[in-house]
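**Student:** Return a 3D structure for these sequence lines:
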Amino acid sequence: MDEIKILFVCSQNKWRSLTAQKICEKVSGYSVRSAGTEKGARIRVTEGLVGWADWIFVMEKKHSDRLRSKFSASLEGKQLICLQIPDNYQYMEPELVELLQAKLGAYMEMPVNEIDFMQRVLEPEVMDSLSEAIEYDSMDFTEVNAAFARSAAVLGPVFGNVLDAGTGTARIPIALCQLRSEWKLTCIDLSANMLKVAAQNVERTDVRSQISLELIDAKAMPYPDNYFDMVISNSIIHHLPDPVTFLQEVRRVLKPNGAIFLRDLLRPETREIRDNLVEMYAGDCNAHQQQLFSDSLQAAFTLDEVETMVETAGLERLRIYESSDRHWTAERVWCETL
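**Tutor:** Residues are numbered from 1 along each chain as shown. The predicted structure follows:
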């Protein structure tokens, strides 16, 4: 039996229709896509998408009116259904998921056990005790940090004034300076004890003249506009309740032609996947370190959420992609001129 093709439509294709697509991707017997009616939509609805679909679910009457106005011929013989869901929800918000499951259940089978998505649970923004900073620094991120440094090194200019936001214990800027002796790094963190450990780490190297450590909130930086040639950040995003403010600050302090390299954890779809990742990558760590990694995975964002936040912050020309089974990356190469 052929799959039924379903198109979900809202205004911007960022919250409601994208959530509907996400929760229905796991339901057998259906092929699903989503789009938006407005000019700035993430994916804008087209005649081709309308023609592809067997069923079209819209969130509000204004969406069905827009489709009938623009694609009347392509709608012939298709089911056009209005779910009457207002624009009051964020992407994958539990209340929205429940509402969509209830409304779509009248038209298709929606077994709850197939849609056991893991919701985001915040962890503390700052590891501020000295014992936590020392324990974090003792975890073996050598391979991950080296890969980050190698990737970041090829994106920036020859001579760079670089910001590292959320530097932690400064393992990455140390590795990066060993690759790029022409760069000067301003490394900021909101944890005084992380910076205390970072200072000890930096002092033991031959790159200490390249690194400046500063106790700064990355969401409200004191630096002037267009100040840095490059901004890097590893694993700060999942610590922030709303990372858009930080991303807007990145856009402000970075030169228009500046380079960007951001990397963080991806939130797994289910608790089973999360637990498998913890076993795979932290199986040799102690119980507390395993719990830290598990909490960080659950506090992370999905790739769709990252794309939406970057767009909302006004950051342009970024390549955003899944860079490992547990990481996303957003990058932009330095340009001599725009």
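**Student:** wait, Gln90 sits on Val97?
**Tutor:** No - using Cβ atoms under 8 Å, Gln90 makes no contact with Val97, being 10.9 Å away. C-beta coordinates here come from the backbone N, C-alpha and C atoms, glycine included.
**Student:** between the two, who's got more neighbours?
**Tutor:** Val97 (18 against 13; other Cβ atoms under 10 Å).
**Student:** Give me the three-state assignment for the residue lying closest to the more buried one once chain neighbours are set aside.
**Tutor:** Among residues not flanking Val97 along the chain, Ile23 sits closest, at 5.9 Å (Cβ to Cβ, 6 or more residues apart in numbering). What DSSP: H, G, I helix; E, B strand; the rest coil gives for Ile23 is helix.
**Student:** now do the one 4 residues further on
**Tutor:** For Val27, the secondary structure call by three-state DSSP comes out as coil.
**Student:** Give me the contacts around the helix or strand bottoming out on mean pLDDT in the chain.
**Tutor:** The weakest-scoring helix or strand in the chain, judged by mean pLDDT, DSSP states H and E, is helix 130-138 (a mean of 83). Helix 130-138 has contacts (Cβ atoms under 8 Å, 6 or more residues apart in numbering) with 127, 168-169, 171, 191, 193-194, 196-197, 201, 288-289, 292.
**Student:** Skip ahead from it and say which helix or strand is next.
**Tutor:** Remark: after helix 130-138, the chain's next helix or strand is helix 142-153, criterion DSSP states H and E.
**Student:** Any buried residues in the following helix or strand past that following helix, and which?
**Tutor:** Reading on from helix 142-153 to the C-terminus, the next helix or strand found by DSSP H and E is strand 161-165. Using 16 or more other Cβ atoms under 10 Å as the test for burial, strand 161-165 gives 161-165.
**Student:** Stretch 22-42 too?
**Tutor:** Result for stretch 22-42 [16+ other Cβ under 10 Å]: buried residues 22-24, 26-27, 30, 32-37, 41-42.
**Student:** With stretch 244-263 instead?
**Tutor:** Those would be 244, 246-247, 249-251, 253-255, 257-263, for stretch 244-263 by 16+ other Cβ under 10 Å.
**Student:** Also stretch 181-191?
**Tutor:** So stretch 181-191, judged by 16+ other Cβ under 10 Å, has buried residues 183, 185-191.
**Student:** Return the subset of the buried residues of stretch 244-263 lying in strands.
**Tutor:** Counting by DSSP state E, these place 254-255, 257-263 in strands.
**Student:** quick one: average confidence on the helix or strand that Lys103 is a member of?
**Tutor:** Secondary structure assignment for Lys103, by DSSP H and E: helix 94-104. For helix 94-104, mean pLDDT is 89.
**Student:** swap in stretch 182-195?
**Tutor:** pLDDT averaged over stretch 182-195 gives 96.
**Student:** List of residues touching it?
**Tutor:** 125-130, 132-133, 136, 156, 158-170, 173, 176-177, 198, 210-218, 221, 223, 228.
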